[in-house]
Structures are given as structure tokens and as C-alpha cells.
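Engineer: prediction below, plus the sequence it came from.
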Amino acid sequence: MASFNRTILMGHLTRDPAIKYTPKGTAVARITLGINHTWTDGDGNKKEEVSFVDCEAWSRTAEVIGQYLKKGNPLLVEGRLKQDSWDDKATGEKRSKLKVVVESFTFVGAKDGGQRGDAAPARSRKPAAAADAPCAGDEPPPQDDDVPF
């Protein structure tokens with residue numbers, strides 16, 4: 001049976017990216033996106049709800065996210081859903097959590113540090129071809145203090 005696992009989300013980082021490294025030196029970035037949904041109810045009142053989605057990026061993608069993003073920055077991510085399962089050490093119960101494994105992303109916002117909600121995509125990153133190697137054609141970010149977006 002065929003399957004399809006792809007998600008695209010845009011929201012704001014709820015905290016600074018947490019970067020860690022595996023024993024083999026592969027970077028892993030964990031971020032949470034806050035995604036707002038607004039609507040008008042039957043009485044004409046504006047309503048809003050926020051969903052918080054955990055995301056995980058690997059290799060060069062993780063390093064770039066950690067280098068250029070911080071709490072509050074808008075970000076568009078594309079990836080796949082992954083379900084993690086484990087036994088809770090305190091209670092012994094089965095636990096699980098659904099997260100997004102980031103395969104590519106786009107910086108969102110103005111180059112001059114515009115206000116939240118600006119929707120001018122600046123630069124995309126393609127998913128890494130292998131876990132430890134950057135994608136062919138990707139250029140490393142500039143080493144000077146000028147942020148490339």
C-alpha cells in the first residue's frame with residue numbers, strides 16, 4: 001500500500017534552538033514552532049488558538065538553524081512526521097509524541113529585521129543528501145557578521 005508523509009508548517013520559534021551532537025558528531029537541533037489559527041465565531045468575535053509543534057533538524061540543516069535563528073523568529077519548515085515511543089521511567093506507562101523531522105526550511109521575514117509576520121522568503125536550504133554531508137550545490141553561509149537574510 002502506498003503512503004505519503006509530508007508536512008509544511010510556518011510559525012514562530014517559541015525558544016532558542018537547542019543544538020546537541022551525537023557521539024559521531026552529527027548536529028541535532030530541536031525547536032518548537034508556535035502556529036496561530038484565527039477565526040470569527042458565529043457572534044462575530046475574533047478567536048485565536050495556538051498549536052505548538054516540536055521539530056527536529058539534523059546535520060547541516062541543524063547547524064544553520066542554530067546559527068541564524070532565535071526565539072520569536074518566523075520559520076517555514078517542510079518535513080515528515082515521526083512518532084517517538086518510550087516507557088515513562090516514573091510511572092512505567094507507555095508514552096508517545098508526534099514531531100516533525102525537518103528536511104528543508106525557509107527563512108521568513110525582511111532582510112533588515114522586519115516585524116513579526118513579514119512574509120518575504122529570503123533563502124531556502126535543501127535537505128542534506130546524507131546524514132553527515134551537505135547537499136550538493138549548497139554554499140556555506142558567509143563567515144562575516146552580515147546575516148544572509
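Structural biologist: Here it is on my side, so go on.
Engineer: please give me every residue in contact with residue 55.
Structural biologist: Neighbour list for residue 55: 9, 30, 31, 32, 33, 77, 79, 99, 100, 101, 102 [criterion: Cβ atoms under 8 Å, 6 or more residues apart in numbering]. C-beta: built from backbone N, CA, C; applies to glycine.
Engineer: residue 42: neighbour count?
Structural biologist: Look at residue 42: counted by other Cβ atoms under 10 Å, it has 5 neighbours.
Engineer: no no, residue 20
Structural biologist: Neighbours around residue 20, by other Cβ under 10 Å: 11.
Engineer: what's the answer for the one 4 residues further on, then?
Structural biologist: For residue 24, the tally of surrounding residues (other Cβ under 10 Å) stands at 7.
Engineer: the closest residue in space to residue 54 that isn't next to it in sequence: what secondary structure?
Structural biologist: Closest residue to residue 54 apart from its sequence neighbours, by Cβ to Cβ, 6 or more residues apart in numbering: residue 99 at 4.3 Å. The three-state assignment at residue 99 reads strand, by DSSP: H, G, I helix; E, B strand; the rest coil.
Engineer: residues in contact with residue 99?
Structural biologist: With Cβ under 8 Å, 6+ apart, residue 99 has these contacts: 53, 54, 55, 56, 81, 82, 84.
Engineer: likewise for residue 39?
Structural biologist: Taking Cβ under 8 Å, 6+ apart, one finds 46, 47, 48 in contact with residue 39.
Engineer: so for it, what's the pLDDT?
Structural biologist: Looking at residue 39, its pLDDT is 90.
Engineer: which residues does it form a beta bridge with?
Structural biologist: When assigned by DSSP bridges, residue 39 has beta-bridge partners residue 47.
Engineer: wait, residue 94 sits on residue 87?
Structural biologist: Yes. If you go by Cβ atoms under 8 Å, residue 94 and residue 87 touch, sitting 6.2 Å apart.
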